[in-house]
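*Asks:* Pasting a predicted model and its sequence here:
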Amino acid sequence: MSKERKRIDVIVLSQHERVLGQVLGKLNLAQNHFSFLPATTLRTKRVAEHPDFKHKILNTRSCITLTAQDSDPDCFLTVVIVDQPIESDHYSNLFGDFSKNRHVAIITTQGASQIGIPLTDYVRYFIIRYVLGQTILINTHEETRDCMFDKKNHKPDIRLSLRSARLCDDCNLKLRKLSSPNSETAVGACRQLLGHMVLEHN
């Protein structure tokens, strides 16, 4: 792959590791700006063996902080995929969480089957969502607008967003205002990834 691609490291701490390997292939084929790669075996082992990742319910702040301490400075984003339920200091029953400053996102497979979409699509959707957030930070909004940045307190809302993969007018405006020459290509790659998902689901 081109050395100019931004590297996304993916740490899979899930019983679905083989299935989730398909996700990286689809993400890499759909664009040529990012390289989605499995994290090294050593790094995956270090994270997996840490006590913070062995709880029945994971705290996203502590898990993100731990993962960031072990990050490669050349890595644009690290995504950790787990099977346990996750919660932040303020919210429980989350799909995932993300820190732009620490370049780390965490996604759980917990509850994905109840939404009625394939696990690979569910994980791919949230990886794209966090890569876009790492490129240009846009805060989620409480109101459901069929937008990737809906907070999705009602979990089935993800099905609607997966079929359209759209951004609402306000978020599109923020993207245009915050875009720079350095980020425009990355945003374009994210839109390519979203477009491929829509084609698959329509």
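*Replies:* That came in fine, so what should we check first? Numbers count the residues shown, from 1 in each chain.

*Asks:* Figure out the helix or strand that the residue nearest the centre of the chain lives in.
*Replies:* What sits nearest the mean C-alpha location of the chain, by Cα atoms, centre = their mean, is residue 127, with 2.5 Å. If you go by DSSP states H and E, residue 127 is part of helix 119-135.

*Asks:* in the chain, which spans are helices?
*Replies:* Using DSSP state H, the helices of the chain run over 17-29, 41-48, 60-69, 112-115, 119-135, 157-164, 169-178, 181-201.

*Asks:* by contact count, what packs against the third one?
*Replies:* Looking back up the chat, that one is helix 60-69. Under the contact definition 3 or more Cβ pairs under 8 Å, 6 or more residues apart in numbering; DSSP states H and E, helix 60-69 sits against strand 75-82, strand 86-87, strand 96-99, strand 104-108. All C-beta spots, glycine's among them, are computed from the backbone N, C-alpha and C.

*Asks:* My read is that residue 128 contacts residue 195, right?
*Replies:* No - counting by Cβ atoms under 8 Å, residue 128 stays clear of residue 195, with 10.6 Å between them.

*Asks:* What lies in contact with stretch 50-70?
*Replies:* 11, 13, 43, 46-47, 78, 80, 82, 84-89, 92, 94, 97-99, 102-106, 108 (Cβ atoms under 8 Å, 6 or more residues apart in numbering).

*Asks:* before we move on, what about stretch 175-182?
*Replies:* Counting by Cβ under 8 Å, 6+ apart, 136, 137, 138, 167, 187 sit against stretch 175-182.

*Asks:* okay, those residues in CSV with pLDDT and neighbour count next?
*Replies:* Below are the contacts of stretch 175-182 laid out as CSV (pLDDT from 0 to 100; neighbours: other Cβ atoms under 10 Å):
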residue, pLDDT, neighbour count
136, 85, 20
137, 80, 12
138, 83, 18
167, 87, 22
187, 83, 19
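
*Asks:* Residue 24: which of those residues is nearest?
*Replies:* residue 187 (20.5 Å; Cβ to Cβ).

*Asks:* quick one: the closest one from residue 68, how far?
*Replies:* 24 Å (Cβ to Cβ, to the nearest Å).
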